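Participant: Okay, sequence plus prediction incoming.
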Protein chains: 2
Amino acid sequence: MVRRDDMRYRLRASVIKAMAHPSRLQMLEALEAGELCVCELQRIVGSDISTVSKHLSVMKAAGLVEDEKRGLQVFYRLRVPCVLGFLECVEAVLESRTASGEVACLV
Amino acid sequence: MVRRDDMRYRLRASVIKAMAHPSRLQMLEALEAGELCVCELQRIVGSDISTVSKHLSVMKAAGLVEDEKRGLQVFYRLRVPCVLGFLECVEAVLESRTASGEVACLV
DNA sequence: GCCTTAATTGGCTATTTGGCAAAATAGAAG
DNA sequence: CTTCTATTTTGCCAAATAGCCAATTAAGGC
């Protein structure tokens, strides 16, 4: 028995969770400039191609990106442009974190 | 051996990860109106008090919230007000998700 | 048809996370 | 100093996640 509210927070969390990974953030940022093929994204993040593909499928399922196959390649692009805008806020959190003398390596 | 860039994305991801949980989102939203004690937050999310405390410590470590003990109670408040602003964007993602006919229960 | 390149999927393991319960800590009040 | 209440910490277990490798699928070129 799941309350209506629970579902709302779960949905939101599912989107945020799909962003909550270094490689995925890096890919999202790279996609800000326009669509990229998987092979290009792989060069950018430097992980195994299967790992990159899995990350992309997570973000696709969350609605962050969409894909299109053209020839041999699959191109991914951001689905909602504002996605990266909120990183400014994340930076603000990080700044307030270091400003108050906390170690920067708290990862 | 960690590249400088890696660290940047890891730091960002650590902040986002701290938001990526239904209960934590609910608490952040509740804190938008002002500080609340742990006991109140527990009433809101309905989990075990130890679970709530752990969630709060995760968000505190990430720099999302700060705490202050007054008497027997510990009050938590948002550290960076913009934190909730980005939820609008998350909602946009969710809308685009349902708009394109995807099942809403993709949690 | 066969080979090559691009990407996804499945299988496996290691690590992290979430949640409850029990124990520990901290402050207030008697 | 004992007790009560609020919170945190610890221990444990189940579930989810991340990453690599191998196998598979898909599209093109020959």
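Facilitator: Looks like it arrived, so ask away. Residues are numbered from 1 along each chain as shown, chains lettered A, B, ... in the order given.
Participant: Let me know the pLDDT of the residue nearest to the spatial centre of chain A.
Facilitator: In chain A, the centroid-proximal residue (CA atoms, centre = their mean) is residue A:19; its distance is 3.4 Å. According to the prediction, residue A:19 has pLDDT 95.
Participant: in which helix or strand would I find the nearest residue to it once chain neighbours are set aside?
Facilitator: Leaving out its chain neighbours, the residue that sits closest to residue A:19 by CB to CB, 6 or more residues apart in numbering or on different chains is residue B:16, at 5.3 Å. Placement of C-beta: from N, CA and C, glycine included. Under the criterion of DSSP states H and E, residue B:16 resides in helix B:4-19.
Participant: Check whether the next helix or strand after that helix comes near DNA strand D.
Facilitator: As assigned by DSSP H and E, the chain's next helix or strand after helix B:4-19 is helix B:22-31. No - no part of helix B:22-31 sits close enough to DNA strand D to count as contact by CB under 7 Å from any atom of the strand; the gap is at least 11.5 Å.
Participant: do stretch A:47-64 as well
Facilitator: Yes - using CB under 7 Å from any atom of the strand, stretch A:47-64 reaches DNA strand D at A:47, A:48, A:50, A:51, A:54, A:55, A:58.
Participant: could you dump those to JSON lines with distance to chain B, pLDDT and neighbour count?
Facilitator: Supplementary listing: those in JSON lines, determined by distance: CB to the nearest CB, whole Å; pLDDT from 0 to 100; neighbours: other CB atoms under 10 Å in any protein chain shown:
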{"residue": "A:47", "distance to chain B": "11", "pLDDT": "96", "neighbour count": "14"}
{"residue": "A:48", "distance to chain B": "16", "pLDDT": "97", "neighbour count": "10"}
{"residue": "A:50", "distance to chain B": "20", "pLDDT": "97", "neighbour count": "9"}
{"residue": "A:51", "distance to chain B": "15", "pLDDT": "98", "neighbour count": "13"}
{"residue": "A:54", "distance to chain B": "16", "pLDDT": "98", "neighbour count": "11"}
{"residue": "A:55", "distance to chain B": "12", "pLDDT": "98", "neighbour count": "19"}
{"residue": "A:58", "distance to chain B": "12", "pLDDT": "97", "neighbour count": "17"}
